[in-house]
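A.B. asks: This is a predicted model, with the sequence first.
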Number of protein chains: 2
Amino acid sequence: MDSFRKYIDSRVNITDEEFARIVAAASIKKLRRRQYLLQEGEVWRYQAFVLSGCLRTYSIDEKGQEHVNGLAIENWWPGDCESLVTGIPSKYNIDAIEDSEVLLIPKEHFDRVCDEIPALKDMVNQMYRKGYIAAQNRINAFMSYTAEEKYVFFIRQYAAFANRVPLGMIASYLGITRETLSRIRKGRLKG
Amino acid sequence: MDSFRKYIDSRVNITDEEFARIVAAASIKKLRRRQYLLQEGEVWRYQAFVLSGCLRTYSIDEKGQEHVNGLAIENWWPGDCESLVTGIPSKYNIDAIEDSEVLLIPKEHFDRVCDEIPALKDMVNQMYRKGYIAAQNRINAFMSYTAEEKYVFFIRQYAAFANRVPLGMIASYLGITRETLSRIRKGRLKG
DNA sequence: CGATTCTTTGAAAACAGTCAATCTGTGTGG
DNA sequence: CCACACAGATTGACTGTTTTCAAAGAATCG
């Protein structure tokens, strides 16, 4: 919970009273490794904040293949924005890569306090804007980079993930196979 | 200008007075085909709305290759969110595919009226959220789909662009070469 | 028209994927 | 404490989709 307060304080100014109101309806969910936070077909109804641990968001395509859409460690907000906003069932799964603790704030409550605390709303909107920009940059990577360049780019940007997330999941996140990433790491891709 | 009013009205309720305030500092920029709205290295300082025409956002990578990052027709908001928010020089170029008319509202003015008119702010934030979701879906397409599937997906979602945007630019938007897209259209990719 | 822009076609090459087998490390239960 | 099971990583050989290169063919604009 402390880390959540710190996270907010580093972005906007709120009072103790306001913080109490924000987390009034929150719960802390402890997840074992491999345990689901969200499964495909469910509607996602929370604002979620990672207190500790590491999670992954993935989807399964028509060919049965898994694709890692996102990764989240401490101070990240996992979830399915599309399902949250529109109320449609999620096409994603979220599960824990490590034992994790996630703060869950129900959507209705969160929306209410956002209306009451403008600073919080601003923070959230800033968050989405950043997410949008990050997504654009990821699209750029898909368009411009070779497998190796994508990996280098990833390591530079998300060094914190490199040692916590299995190679296969990083590969999937980058849109390449684990074999290819393994070869990249060993420098045996060309020649 | 009418289409801008209609666009807003279809999303939120504002008064005539408020609308007047929103567009008080706005200007209409007419662009000839191939003319730039933004060039790499410039800082993007507007909220822009397409009144008529068709624009494309593209970037040039280290290898000198062009990549179409976005397309915009009537009722779309072209621009570089990252440059707008952070103030860093843009890595994108935006130019007109057809003669176009774009409504330009300077950032400072727009931010001010957003603070004055909560409904407008909500609309903008909703916009970014949708952009974020769309970006995620585009990433999914890059991860899961073959060249042909990406094209089918594009046509289904953005039929309005298909006849206005040259094949080469659609191909680039999809992350494939124009030759490949040409072959897909002719059904000569496999066999 | 003539020129530029855009699209199509063919052949060869390459990057990355697939398949299949092996290897490594770690945690669990007997 | 060992052995087995399981998740994850590596390796090699082969395949295939897509790219690249090069050239020619439509189409559009002034």
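C.D. replies: On my side now, so go ahead. Residues are numbered from 1 along each chain as shown, chains lettered A, B, ... in the order given.
A.B. asks: did I read that right, residue A:164 in a strand?
C.D. replies: No. Judged by DSSP: H, G, I helix; E, B strand; the rest coil, residue A:164 forms no part of a strand; its state is coil.
A.B. asks: From chain B, how far out is it?
C.D. replies: Distance, residue A:164 to chain B, using CB to the nearest CB, to the nearest Å: 21 Å. From N, CA and C alone the C-beta is placed, and that goes for glycine too.
A.B. asks: what does the model give that residue for pLDDT?
C.D. replies: The model reports residue A:164 with a pLDDT of 95.
A.B. asks: just for chain A, where's the confidence low?
C.D. replies: A:188-191 (pLDDT under 70).
A.B. asks: let's see 50
C.D. replies: Regions of chain A meeting the criterion pLDDT under 50 cover residues A:191.
A.B. asks: what does it have sitting close to chain B?
C.D. replies: Where proximity means CB under 8 Å from any CB of the partner chain, the interface of chain A facing chain B comprises A:59, A:61-63, A:65, A:67, A:69, A:81-82, A:85, A:125, A:128-129, A:131-133, A:135-140, A:142-144, A:172, A:175.
A.B. asks: please redo it, this time with the cut-off set to 6 Å
C.D. replies: Taking CB under 6 Å from any CB of the partner chain as the test, the list of chain A residues beside chain B reads A:61, A:67, A:81-82, A:125, A:128-129, A:131-133, A:135, A:138-139, A:142-144, A:175.
A.B. asks: Could you say which helix or strand holds residue A:58?
C.D. replies: Residue A:58 is part of strand A:55-60, with elements assigned from DSSP states H and E.
A.B. asks: Note down every partner strand of that strand and its orientation.
C.D. replies: Looking at strand A:55-60 with DSSP bridges, its partner strands are strand A:66-72 (antiparallel), strand A:93-96 (antiparallel).
A.B. asks: is that strand up against DNA strand D anywhere?
C.D. replies: No. Counting by CB under 7 Å from any atom of the strand, no contacts exist between strand A:55-60 and DNA strand D, the nearest distance being 9.9 Å.
A.B. asks: List the buried residues in that strand.
C.D. replies: By neighbour count, and taking 16 or more other CB atoms under 10 Å in any protein chain shown as the criterion, the buried residues in strand A:55-60 are A:55, A:56, A:57, A:58, A:59.
A.B. asks: Check stretch A:2-21 too.
C.D. replies: In terms of neighbour count (16+ other CB under 10 Å), stretch A:2-21 has its buried residues at A:4, A:7, A:8, A:12, A:14, A:18, A:19, A:21.
A.B. asks: any idea which of those residues is closest to residue A:44?
C.D. replies: For residue A:44, the closest of the buried residues of stretch A:2-21 turns out to be residue A:4, at 19.0 Å, with distances computed as CB to CB.
A.B. asks: SS state for that closest one?
C.D. replies: Judged by three-state DSSP, the three-state class of residue A:4 is helix.
A.B. asks: Could you do residue A:25 as well?
C.D. replies: Assigned state for residue A:25: coil (three-state reduction, three-state DSSP).
A.B. asks: Quick check, it in contact with residue A:111.
C.D. replies: No. Under the criterion of CB atoms under 6 Å, residue A:25 makes no contact with residue A:111, lying 11.2 Å away.
A.B. asks: hmm, back to that, what sits up against the strand holding residue A:58?
C.D. replies: A:66-72, A:78, A:91-94, A:96-97, A:100, A:169 (CB atoms under 6 Å, 6 or more residues apart in numbering or on different chains).
A.B. asks: where's residue A:117 relative to chain B, distance?
C.D. replies: Distance, residue A:117 to chain B, using CB to the nearest CB: 14 Å.
A.B. asks: tally of neighbours for that residue?
C.D. replies: Using other CB atoms under 10 Å in any protein chain shown, the number of residues around residue A:117 comes to 19.
A.B. asks: where do the strands sit along chain A?
C.D. replies: A:27-31, A:36-38, A:46-52, A:55-60, A:66-72, A:93-96, A:100-106 (DSSP state E).
A.B. asks: hmm, the fourth one in reach of DNA strand C?
C.D. replies: No. Using CB under 7 Å from any atom of the strand, no contact is recorded between strand A:55-60 and DNA strand C, whose separation bottoms out at 14.0 Å.
A.B. asks: Would you mind putting the strands paired with strand A:55-60 into a markdown table with distance to residue B:41 alongside?
C.D. replies: Written out in a markdown table, the entries for those read as follows (distance: least, CB to CB, whole Å):
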| stretch | distance to residue B:41 |
| --- | --- |
| strand A:66-72 | 31 |
| strand A:93-96 | 39 |
